[in-house]
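A.B. asks: what's the 3D shape of this:
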Amino acid sequence: MTVKAPSAEVARARRALERLRARVSTIQIAADTGIHQSQVSRLLRGHFRRLSPNVRALLAYAGKGPPKQAEPRASDAARAAVIRAALRTWDATPEGAQALVRLLRSVQEMKRSGR
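C.D. replies: The predicted model follows:
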């Protein structure tokens, strides 16, 4: 069985994403791009054979920082800030996720009860 060598374009993309991996956490990239963290991790490790839309988005992110969007609404920016803060707080374990969810639900409950 022979293994086909990656195209030059894919090889360049893998090198660029490896450099990105050394600079920015997968959690931060996921929050900034909207690509699931596990997918970001897989792609940054070079586990791809073609330049999919997600690979292209990561390459754009690596070259220019977060992808630009047309005038985000204030609510979109606030939502993104909450997601980034939650992802930075989370230790990427199931137990940590449960603890963070409990914390957020208790805050929600406090808001409802007017405390």
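A.B. asks: any residues touching the lengthiest helix in the chain, and which ones?
C.D. replies: The longest helix of the chain (DSSP state H) is helix 94-113. The contact list for helix 94-113 (C-beta atoms under 8 Å, 6 or more residues apart in numbering) reads 86, 89, 90. (Glycine included, C-beta is placed from N, CA and C.)
A.B. asks: and the helix or strand of the chain with the lowest mean pLDDT with helix 94-113, angle?
C.D. replies: Between all helices and strands in the chain, the lowest mean by mean pLDDT, DSSP states H and E belongs to helix 74-89, at a mean of 83. Counting by axes from the mean of the first three to the mean of the last three C-alpha atoms, to 10 degrees, helix 74-89 lies at 140 degrees to helix 94-113.
A.B. asks: what residues sit buried inside helix 74-89?
C.D. replies: Within helix 74-89, the residues that count as buried by 16 or more other C-beta atoms under 10 Å are 86, 87.
A.B. asks: could you find the closest non-adjacent residue to the most centrally placed residue in the chain?
C.D. replies: Note on the chain: the residue nearest the mean C-alpha position is residue 30, at 0.6 Å, using C-alpha atoms, centre = their mean. Spatial nearest neighbour of residue 30, chain neighbours left out: residue 37 (4.0 Å); criterion: C-beta to C-beta, 6 or more residues apart in numbering.
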